[in-house]
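Novice: Here is a sequence together with a model predicted from it:
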Amino acid sequence: MAFSEVENKVRSLLSGAEITRVSFEGPNLCIYVKKPSEALLDMVGEVAKTLKKRVVLRVDTGNRMQEKKAEQIIRELVSDVEDVVFEEGGDVYIYLAKPARERELRAAAREVFVRTGWRAVIESGVPRDKVRLPTHEVVGVRRIFHGAYAQRKELMESLARYIHQEPVVKEGPITVAFLGAAMEVGRSAILVSTTESNVLLDCGLKPGQYDEDFPLLDAVDLDRLDAVVLTHAHMDHVGCLPLLFKYGYRGPVYMTDPTKYQTYILLTDYVELKEREGLQPSFSKADVEAVIYHTITLDYEEVTDIAPDIKLTFYDAGHEIGSAMAHLHIGNGRYNILYTGDFKYGKTRLLNRAVSKFKRVEMLIMESTYGGRDDVQPPRVEAENALAKHVSDAVSRGGKVLIPAFSTGRGQEILYILNKMIEGGLIPRVPIYVDGMIVETLNVYLMYPHYLNPEVAEEVYGGVNPFATSGSVVIVDRAKRVEDRINQIAKITQSEEPAIIIAPHGMLNGGPVVDYFAQLAPDERNKLVFVSYQAEGTLGRR
């Protein structure tokens, strides 16, 4: 549909509104009006449904309330406001000091819009209990995002020109090229190409003890790459993403909100770890920052135009918080591709099961890490009982249990399970030391409870940190100086007190867990318990 037709349709559907401007901004259809109202907000849903577009309603510049007065009203309307950031385009970002339910956030955003004329984007915060979590990485993401407003504006303008043009060739060939992760675990990167567009699904590396394998990125013409879709923030899916920006890519990266924060945490930690080891990282923190301000976040089941001939919809993958299956609707329904990323159909302690029903799928690209004939996993209850036995055995003889865990996903789940085991009397009450970026990523789980299963979400909404309910969790505030860090780990490992230690990396190929392992290995009272997949070439696999 030509833009003039879209504009005429908008003005027809909102005939009672004083519309000053209609424009495309990135994947969004933006409607600017003179006066905000509840009725207008209700009508926008009908516009989105009719035009099959993401619609954003804003008030014209001259009719918005002055920022100082608007902030005063915002703090009166919205509880527990920690920070307020206005952007010249008409959006105000409101950051809260604790979690809030989605319906409460939506209601507050409506009221802010009607009272002030500013379109409110409200983000939950982290509950402040006895276990104080560091939040500098969360603050860092927000600083980068708002500091790059000019770059984001330029990106959205160029995207609007590209996405909303009419396709030249409507029924050309569709090709799918696997640049990694075919017949192997790691370096996931899949290039989907049509006559109009090129979209890259994930961009990960293959971790190893000494070397890292990258996808075949030389097969990608970055000048013709139109979008990157990220399913989740694990290094085998996201680890090479900054390389695209290092070598000149300046297009959008689509992911969920939780994945955005976890991506920043993982990638900055990767750079810092390499530097601490005296190695040259493959990319810089500046490249990681470029990823963040080129990110466009989407909710589950939100249909979005990402190219003239491709619509993207994310669905819950059940793998880690914010993980998504990517459904590509190509050529106005001509062909549909579902890329699962990593997924789990069973409900876990923290997450809902993956979505399994889709209206149309012509091609299924499915991960199969445990898809072999002999890859039979024990039932979850059996696995948890085995974990409890290992912990109890080590503690009974005065030892410590070291659990290598990934910074996102498994680390949080194991911490949650251990807390419940202590509360239920299944394991002795001993300190649980949590080290590394597992600590920072806990914030993401507490900021986005609606991505968790209902039982855990209710705990968070009630002001409870479900990862520390036993009272046994000790957050290791990582010392900056090398000597202090050595002493810090030695104090924990050489204590006569039994304990559990959870630290990344989950495959023992780097990170603080290696230092703990070196200290604990000589003592036969201690145990090393693996709780996740161990890839070939890693110390954990050996």
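Specialist: Arrived safely. Because the structure is a prediction, the values reported are computed rather than measured.
Novice: in stretch 279-287, what counts as buried?
Specialist: Within stretch 279-287, the residues that count as buried by 16 or more other C-beta atoms under 10 Å are Pro281, Ser282, Phe283, Lys285, Asp287. Just so you know, the C-beta spots here come from the backbone N, C-alpha and C atoms, and that holds for glycine as well.
Novice: Pull out the CA atoms of the strand or helix carrying Arg11 and give them to me as PDB.
Specialist: For Arg11, the host element (DSSP states H and E) is helix 3-13. The C-alpha trace of helix 3-13 is given here as PDB (Å, rounded to 0.1, in the frame of the first residue of the first chain):
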ATOM      1  CA  PHE A   3       2.100   5.900   1.800                       C
ATOM      2  CA  SER A   4      -0.700   8.300   0.500                       C
ATOM      3  CA  GLU A   5      -3.200   5.400   0.900                       C
ATOM      4  CA  VAL A   6      -2.000   4.700   4.400                       C
ATOM      5  CA  GLU A   7      -2.300   8.300   5.400                       C
ATOM      6  CA  ASN A   8      -5.700   8.600   4.000                       C
ATOM      7  CA  LYS A   9      -6.800   5.500   5.800                       C
ATOM      8  CA  VAL A  10      -5.500   6.800   9.100                       C
ATOM      9  CA  ARG A  11      -7.300  10.100   8.700                       C
ATOM     10  CA  SER A  12     -10.500   8.300   7.800                       C
ATOM     11  CA  LEU A  13     -10.300   5.900  10.800                       C
END
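Novice: Please enumerate the helices of the stretch 151-300 of the chain.
Specialist: With helices called from DSSP state H, counting those that start in this stretch, the stretch 151-300 of the chain shows them at 235-238, 241-246, 257-276, 285-293.
Novice: Pull the residues that contact the shortest one.
Specialist: Contact with helix 235-238 is made by 181, 185-188, 202-207, 230-232, 263, 266-267, 270, 341-342, 535, as judged by C-beta atoms under 8 Å, 6 or more residues apart in numbering.
Novice: Check the helices of the stretch 151-300 of the chain for me and report the most buried one.
Specialist: Ranked by mean neighbour count under mean count of other C-beta atoms under 10 Å, the helices of the stretch 151-300 of the chain are led by helix 235-238, which reaches a mean of 26.
Novice: How much space separates Asn509 from Lys68?
Specialist: To Lys68, Asn509 is 52 Å away according to C-beta to C-beta, to the nearest Å.
Novice: Comparing those two, which shows the higher neighbour count?
Specialist: Neighbour count, other C-beta atoms under 10 Å: between Asn509 and Lys68, Asn509 has more, with 21 against 8.
Novice: Now do that one, the pLDDT please.
Specialist: We have a pLDDT of 76 for Asn509.
Novice: what helices or strands is the strand or helix carrying Ile414 leaning on?
Specialist: Assigned by DSSP H and E, Ile414 belongs to helix 410-423. If you count contacts as 3 or more C-beta pairs under 8 Å, 6 or more residues apart in numbering; DSSP states H and E, helix 410-423 packs onto helix 380-396, strand 432-434, helix 438-447, strand 499-503.
Novice: ok, 10 Å please
Specialist: Other elements packing on helix 410-423 under the criterion 3 or more C-beta pairs under 10 Å, 6 or more residues apart in numbering; DSSP states H and E are helix 380-396, strand 400-404, strand 432-434, helix 438-447, strand 473-475, strand 499-503.
Novice: Looking at these, spot the one closest to Thr313.
Specialist: Thr313 lies closest to helix 438-447 among these, at 22.2 Å (C-beta to C-beta).
Novice: what angle sits between the closest one and helix 257-276?
Specialist: Helix 438-447 runs at 170 degrees relative to helix 257-276, counting by axes from the mean of the first three to the mean of the last three C-alpha atoms, to 10 degrees.
Novice: ok now helix 438-447, how far from the chain's centre?
Specialist: From the chain centre to the centre of helix 438-447 is a distance of 11 Å (C-alpha atoms, centre = their mean, to the nearest Å).
Novice: ok, then the element right after that helix?
Specialist: Scanning forward in sequence from helix 438-447 by DSSP H and E, the next helix or strand is helix 454-461.
Novice: For that following helix, buried residues please.
Specialist: Using 16+ other C-beta under 10 Å as the test for burial, helix 454-461 gives Val456, Ala457, Glu459, Val460, Tyr461.
Novice: Would you quantify the distance from the residue nearest to the spatial centre of the chain to Asp213?
Specialist: Against the mean C-alpha coordinate of the chain, by C-alpha atoms, centre = their mean, the closest residue is Thr259 at 0.7 Å. In this view, Thr259 and Asp213 are 23 Å apart by C-beta to C-beta.
Novice: before we move on, the earlier item: for the residue nearest to the centre of the chain, which non-adjacent residue is spatially closest?
Specialist: The shortest distance from Thr259 to any non-neighbouring residue, by C-beta to C-beta, 6 or more residues apart in numbering, is to Gly322 (4.3 Å).
Novice: and that neighbour, what is it in contact with?
Specialist: Contact partners of Gly322, counting by C-beta atoms under 10 Å, 6 or more residues apart in numbering, are 230-233, 255-263, 297, 300, 314, 316, 351, 408, 444-445, 448, 451.
Novice: where in this structure is pLDDT low?
Specialist: 129-132, 208-211, 533-542 (pLDDT under 70).
Novice: Thr408 against Pro504, yeah?
Specialist: Yes: look at Thr408 against Pro504 with C-beta atoms under 10 Å: they come within range, at 9.1 Å.
Novice: joint contacts of these two?
Specialist: Contact criterion C-beta under 10 Å, 6+ apart; residues shared by Thr408 and Pro504: Leu266, Met437, Ile438, Thr441.
Novice: Look at the third one and say how many residues are nearby.
Specialist: Translated: Ile438. 28.
Novice: Now do it against Tyr416, distance only.
Specialist: 12 Å.
Novice: The first one now?
Specialist: Between Leu266 and Tyr416 the distance, using C-beta to C-beta, works out to 20 Å.
Novice: Please apply the same query to the last one.
Specialist: Plainly put, Thr441 is 13 Å away from Tyr416 if you go by C-beta to C-beta.
Novice: Among those two, which residue is more densely surrounded?
Specialist: Neighbours of Thr441 and Tyr416, each counted by other C-beta under 10 Å, are more numerous for Thr441; the result is 28 against 22.
Novice: these two touch, right, the more buried one and Leu266?
Specialist: Yes: counting by C-beta under 10 Å, Thr441 touches Leu266, with 8.1 Å between them.
Novice: what is in contact with the two at once?
Specialist: Shared contacts of Thr441 and Leu266 (C-beta under 10 Å, 6+ apart): Glu137, Ala233, Phe406, Ser407, Thr408, Pro504.
Novice: Just the closest of these to Leu41, please.
Specialist: Ala233 (32.7 Å).
Novice: residues in contact with that closest one?
Specialist: 239, 241, 255-256, 258-267, 320-323, 406-409, 441, 444.
Novice: how about TSV for the helices of the stretch 151-300 of the chain, with distance to Arg119 added?
Specialist: Shown next, in TSV, are these (distance: least, C-beta to C-beta, whole Å):
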stretch	distance to Arg119
helix 235-238	30
helix 241-246	28
helix 257-276	17
helix 285-293	19
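Novice: Of those helices, which is nearest His164?
Specialist: The closest of the helices of the stretch 151-300 of the chain to His164 is helix 285-293. By C-beta to C-beta, the value is 21.9 Å.
Novice: From Leu244, how far off is Asp202?
Specialist: According to C-beta to C-beta, Asp202 stands 11 Å off from Leu244.
Novice: same deal with Asp375?
Specialist: Distance from Asp375 to Leu244, by C-beta to C-beta: 32 Å.
Novice: Asn385 too?
Specialist: Distance, Asn385 to Leu244, using C-beta to C-beta: 44 Å.
Novice: And for Glu320?
Specialist: To Leu244, Glu320 is 22 Å away according to C-beta to C-beta.
Novice: swap in Val92?
Specialist: 31 Å.
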